[in-house]
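S.K.: With the input below, show me the fold.
(chains A and B)
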Amino acid sequence: MLAGKHILITTVQSDSHTWNLIYIQLVLEELGATVTNLGSCVPIEESVSEIESCNADLVIVSSVNGHGYYQGMGLIKHAQNLLAGRLPPFVIGGKLSTNTKMDVFIESDLVSAGYNAVFLGDDAIASFKKYLSSMSNSTAAAL
Amino acid sequence: MNHKLGSNTALFFRLHNYVAEQKLRDRTVWQPRMGFGDPEKMKAGLAAVADQCDFGRSGTITLDAYTRVGDFETPLNSLRSGVALNGYPIVSHDMETTNEVVSPARINGIPVQIRHGTSKPQAIFARMAELGLEATEGGPISYCLPYGRLPLAEAVAAWEDSCKLMANRIEHGHIESFGGCMMGQLCAPSILVAINIIEALFFLQHGVSTASLSYAQGTSDAQDKGAIAALRRLAKEYLPFGTWHIVFYMYMGVFPKTPEGASRLIYDAACLAVRSGCERVIVKTISEAIQIPTIEQNIYALKLSASAERKYGQEPLTDREKEHYEEVYMEAKSMVDAVLNESADLGKAIINCFRTGVLDVPYCLHLDNRGQTRTYIDGDGCLRWADRGALPLNRSVSYIGRHKQLSSSEFLNMLDYKASLYDLRASQVRPDCHA
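M.R.: You can find the predicted model right below:
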């Protein structure tokens, strides 16, 4: 499982939704992870400084207000500039644009920008959970 | 028409007085949540509400997202370039325009309430004073904790300023506490009730004339009816006579996806509000979850809701509702007393009590909220404490629930509880469905 892992949950600066963030926290805690949840409307600078101060093993960006695509791009670019080689795995998911037709290129754009995984659409939660279990498997294998 | 400062208030009913007058006639006041950036459309919306003479109703001007965060320039630029706003920018539009917008309400003698969502509302209150509009909503807790990251102490200071501004510049100023809607759903009734009483006391302490106390529909009619009775009793005990009324909010959480399920929930919520004796009701629309509702959709929802008054009146509590009433009353009273004992300065008391966990809103991630409390929905559909954190509750008297570990899948089901119940009902044939 994810025992011993410190996972940071954050969102983009314009998004005031929090039920998604709480749900993800519950999922991670069930798997044994230690969670820091930054809540709504997180300024980019705060997301990035928290990555360092909590020494995060994984950063999860969750957003449902439709601005996650653009602002999520800004977030990872800022993190890369400041943290360079010390960047932990970054994933993003939720409703990231106002038009689901954009999902096709959103995913590849975000991956090119540096995200390790993007979770969109009806099976977002299922594929997110699969990602977490592959993460805990690889930890087990490394031990 | 004379547009001199304050003189307009004499030309139309003030919200609190209007509600009291309707109550004497055994009428509930039904109110939409309407807001359009275009003045013509906003005026048409208020005119359409004003035209509904068969029931008590209040007009609403909901403000746009830019105004909420203090940006008064972008709204007019957006409108000029043909981009619609999600509300009316009352600070940006000039006085003459807004006086014209509210004229249908003034001519028909119905009140207009300004609804916003701003943790620092000074500029909005100042504009209301200039326009002679007296009624709004919010509060230092309820407009801060659920949204954004403004520290609670800053919100408290901003609301102290705003209340004083209202006291000095607006005759018969009225603020509705948004405390009944904390987080929109899954909040235990007792803390909603307590926050309302605390915010209303805060408004009155800073010179505001009257207040309303809000209660958002939860997951069980019996629990809601008990909780509203508890809110009324506490209001009688803590607030001066004649200074308050209760406003009921139709379900604020995840809404049914089917139009049938949504209509049914709106009608049932209206019945519950009438049976509980609520003086005013904020009415939802079928399409709310998908888009900004049209004027027609708002009027349909108002008519559907008001039809509940033909079937129901205020009812006494059943035995089961009485149990909820007593539980909510005891819990909320413990929280209110703990806040009042903390400091005579209510603003300071609020800040301290959130720090120590005497007040702790479940599932609220704001940094000034402890975040130790959790709720769950029990087998009867009632909201219970799963974890009460450091709330000052007497376990032996009022604690019916148990400490409970909440799983992520239970949590998802809870968020969707009401919506799936009504969508399921909509798919079944029920003879009383169009009562």
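
S.K.: what does chain B put close to chain A?
M.R.: For chain B, the residues in contact with chain A (C-beta under 8 Å from any C-beta of the partner chain) are B:147-149, B:183, B:363-367, B:406-408, B:411-412, B:415. Any C-beta I mention is one placed from the backbone N, CA and C, and that applies to glycine too.

S.K.: Give me the contacts around stretch B:148-165.
M.R.: A:16, A:39-42, B:119-122, B:125-126, B:129, B:138-141, B:143-145, B:175, B:202-203, B:206-208, B:347, B:350-351, B:354, B:366-368 (C-beta atoms under 8 Å, 6 or more residues apart in numbering or on different chains).

S.K.: Can I take it that B:Thr219 is in a strand?
M.R.: No: counting by DSSP: H, G, I helix; E, B strand; the rest coil, one finds B:Thr219 to be coil, located in no strand.

S.K.: Let's verify B:Phe248: helix, strand, or coil?
M.R.: At B:Phe248, secondary structure determined by three-state DSSP is strand.

S.K.: ditto for A:Thr98
M.R.: coil.

S.K.: wait, what's in contact with it?
M.R.: Shown in contact with A:Thr98 (C-beta under 8 Å, 6+ apart): A:Gly66.

S.K.: how much space between it and chain B?
M.R.: A:Thr98 sits 12 Å away from chain B, taking C-beta to the nearest C-beta, to the nearest Å as the criterion.

S.K.: Restricted to buried residues, select the contacts of stretch B:148-165 in PyMOL.
M.R.: If you want just the buried ones from those in PyMOL, going by 16 or more other C-beta atoms under 10 Å in any protein chain shown, the selection is:
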select buried, (chain A and resi 39+40+41+42) or (chain B and resi 119+120+121+122+125+126+129+138+139+140+141+143+144+145+175+202+203+206+208+347+350+351+354+366+368)
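
S.K.: The contacts of stretch B:148-165 in strands, which ones?
M.R.: Taking DSSP state E, the ones among the contacts of stretch B:148-165 that sit in strands are B:Gly138, B:Ile175.

S.K.: Please, where are all the strands along chain B?
M.R.: So, for chain B - with DSSP E - the strands run B:29-31, B:56-57, B:59-62, B:112-115, B:135-138, B:174-177, B:210-216, B:244-249, B:280-282, B:374-377, B:383-387.

S.K.: can you tell me how far the residue nearest to B:Arg355 when sequence neighbours are not counted sits from B:Val208?
M.R.: Spatial nearest neighbour of B:Arg355, chain neighbours left out: B:Asp368 (7.3 Å); criterion: C-beta to C-beta, 6 or more residues apart in numbering or on different chains. As judged by C-beta to C-beta, to the nearest Å, B:Asp368 and B:Val208 stand 23 Å apart.

S.K.: Look up phi and psi at B:Gln52.
M.R.: phi -80, psi 90 (degrees, to the nearest 10).

S.K.: Spell out which residues belonging to chain A are near chain B, please.
M.R.: Within chain A, the residues that sit near chain B (C-beta under 8 Å from any C-beta) are A:16, A:18-19, A:21-23, A:26-27, A:30, A:37-42.

S.K.: which other helices and strands contact the lengthiest helix in chain B?
M.R.: Taking DSSP state H as the criterion, chain B has its longest helix at helix B:319-342. The contact analysis (3 or more C-beta pairs under 8 Å, 6 or more residues apart in numbering or on different chains; DSSP states H and E) places helix B:319-342 against helix B:189-205, helix B:221-238, helix B:346-356, helix B:395-398.

S.K.: Out of those helices, which one sits most buried?
M.R.: By mean neighbour count, with neighbours taken as mean count of other C-beta atoms under 10 Å in any protein chain shown, helix B:189-205 ranks first of the helices and strands packed on helix B:319-342 at a mean of 26.

S.K.: Measure how far that one is from the centre of its chain, please.
M.R.: For helix B:189-205, the gap between its own C-alpha mean and the chain's C-alpha mean amounts to 12 Å (C-alpha atoms, centre = their mean, to the nearest Å).

S.K.: before we move on, what about stretch B:166-184?
M.R.: With C-alpha atoms, centre = their mean, you get 10 Å for stretch B:166-184.

S.K.: Tell me which residues of it come out buried.
M.R.: The neighbour-count check on stretch B:166-184 (16+ other C-beta under 10 Å) flags B:166, B:170, B:172-184 as buried.

S.K.: and for the longest helix of chain B, what are the contacting residues?
M.R.: Here helix B:319-342 makes contact (C-beta under 8 Å, 6+ apart) with B:188-191, B:193-194, B:197-198, B:201, B:222-223, B:225-227, B:229-231, B:233-234, B:238, B:317, B:346, B:348-350, B:352-353, B:358-359, B:382, B:391-394, B:397-398, B:400.

S.K.: Sounds good, over and out.
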